[in-house]
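Participant: have a look at this prediction, sequence included:
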Amino acid sequence: MKPRWIDTHNHLFVLPHEQQKAEVTDARACGVAAGLVCAGGTDNFEAAIRCAHEWDSCYALALHPLYLRESWRSDLQVLEDALLKNREDPRLAAVGECGLDFSDDCSVPRDIQEAVFSEHLKLARRLKLPLSLHGRGAMDIVLKHLRRIQPLCGVIHAFNGSAAQAEQFIKLGFKIGYGGAMTYNGSKRIRALLAALPEHAWVLETDCPDIPPSRTREREENPQSVLADIADYGLEAAELRSISPEESSRQSQRNTLEVFPAFSAILAAAPQ
């Protein structure tokens, strides 16, 4: 049986419709069964929802720290209303992408980011939804908030922290998300961490169209990741962890279903 893969984090909705269709077709041919379409602001909630329904995937709704606006208080209310409105939708899988970004790329004041993140965690806990988390340059502060509010579970997306930080996320019920960055020769720390993680602790993601794999970065002028890349990431994980591709598929699928059970129905209905 060909290995099957789940993409736990993408932004497919930002692409033109015909490109979405082509990407899904190519991904299905590579054994990609479904993905988590993550919105990042109130302006794209409906687009993310439509995208997930059209391409037989799941979705997550949240306010991304990079794109917080002066209207963040009212945006939080729009988020809560959208989550409540879609609460019975079996494709609503998580609150995400939310978190903290303390890098130089983010101009949003840190105190506002933390206030918004705290509200996301409260919402996720109240609605019993997992999280898809962003933590660029702020892993310890993300952990501080998780310890204080303790949501259900989730994935720390595009993890680039230390082994000690990964251990703390895992203790709090989170999986570590791996994608294009693990294919870079310079990513020695995160590659070594993936090789050493417990088998229950990791999942795969593309962040499509962001974080392209190394081969795409080297060959293309404007590199992007695609949904089909997840199959290559699964093989890369197998090699790093010294397991078979089938075992890599089994572990990553099982781990995804533990944090995002909404995928269960999709996988059950998907062709083998």
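Facilitator: Cool, the structure landed.
Participant: strands of the stretch 1-150 of the chain, start to end?
Facilitator: Along the stretch 1-150 of the chain, counting by DSSP state E, counting those that start in this stretch, strands occupy 5-10, 32-38, 58-61, 92-101, 131-136.
Participant: direction included, what does the second one pair up with?
Facilitator: It refers to strand 32-38. Using DSSP bridges, the strands paired with strand 32-38 are strand 5-10 (parallel), strand 58-61 (parallel).
Participant: convert the C-alpha atoms of stretch 163-181 to PDB, please.
Facilitator: Listed next in PDB are the C-alpha coordinates belonging to stretch 163-181 (Å, rounded to 0.1, in the frame of the first residue of the first chain):
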ATOM      1  CA  ALA A 163      15.500  20.300  22.100                       C
ATOM      2  CA  ALA A 164      14.600  21.500  25.600                       C
ATOM      3  CA  GLN A 165      11.800  23.700  24.300                       C
ATOM      4  CA  ALA A 166      10.500  20.900  22.100                       C
ATOM      5  CA  GLU A 167      10.400  18.700  25.200                       C
ATOM      6  CA  GLN A 168       8.300  21.300  27.000                       C
ATOM      7  CA  PHE A 169       5.800  21.500  24.100                       C
ATOM      8  CA  ILE A 170       5.500  17.800  24.000                       C
ATOM      9  CA  LYS A 171       4.800  17.600  27.800                       C
ATOM     10  CA  LEU A 172       2.000  20.100  27.200                       C
ATOM     11  CA  GLY A 173       0.400  17.800  24.600                       C
ATOM     12  CA  PHE A 174       1.800  19.400  21.400                       C
ATOM     13  CA  LYS A 175       3.400  17.900  18.400                       C
ATOM     14  CA  ILE A 176       6.400  19.400  16.600                       C
ATOM     15  CA  GLY A 177       5.700  20.500  13.000                       C
ATOM     16  CA  TYR A 178       8.300  19.800  10.300                       C
ATOM     17  CA  GLY A 179       8.300  20.900   6.700                       C
ATOM     18  CA  GLY A 180      10.600  22.500   4.100                       C
ATOM     19  CA  ALA A 181      13.200  23.800   6.500                       C
END
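Participant: rounded mean pLDDT for stretch 137-144, please.
Facilitator: Averaged across stretch 137-144, the pLDDT comes to 97.
Participant: for it, buried residues please.
Facilitator: By neighbour count on 16 or more other C-beta atoms under 10 Å, the buried set for stretch 137-144 is 138-139, 141-143. Heads up, the C-betas are built off the backbone N, CA and C, glycines and all.
Participant: for the residue nearest to Leu197 when sequence neighbours are not counted, what are its contacts?
Facilitator: In this structure, Leu197 finds its nearest non-sequential neighbour in Ile176, 6.3 Å apart by C-beta to C-beta, 6 or more residues apart in numbering. Contacts for Ile176 (C-beta atoms under 8 Å, 6 or more residues apart in numbering) come out as 155-156, 159, 166, 169-170, 193-194, 197, 201-203.
Participant: try 6 Å
Facilitator: Taking C-beta atoms under 6 Å, 6 or more residues apart in numbering, we find Ile176 in contact with 156, 159, 166, 201-202.
Participant: what strands flank the helix or strand encompassing it, and is each parallel or antiparallel?
Facilitator: Assessed by DSSP states H and E, Ile176 sits inside strand 174-178. Counting by DSSP bridges, the strands paired with strand 174-178 are strand 154-156 (parallel), strand 202-204 (parallel).
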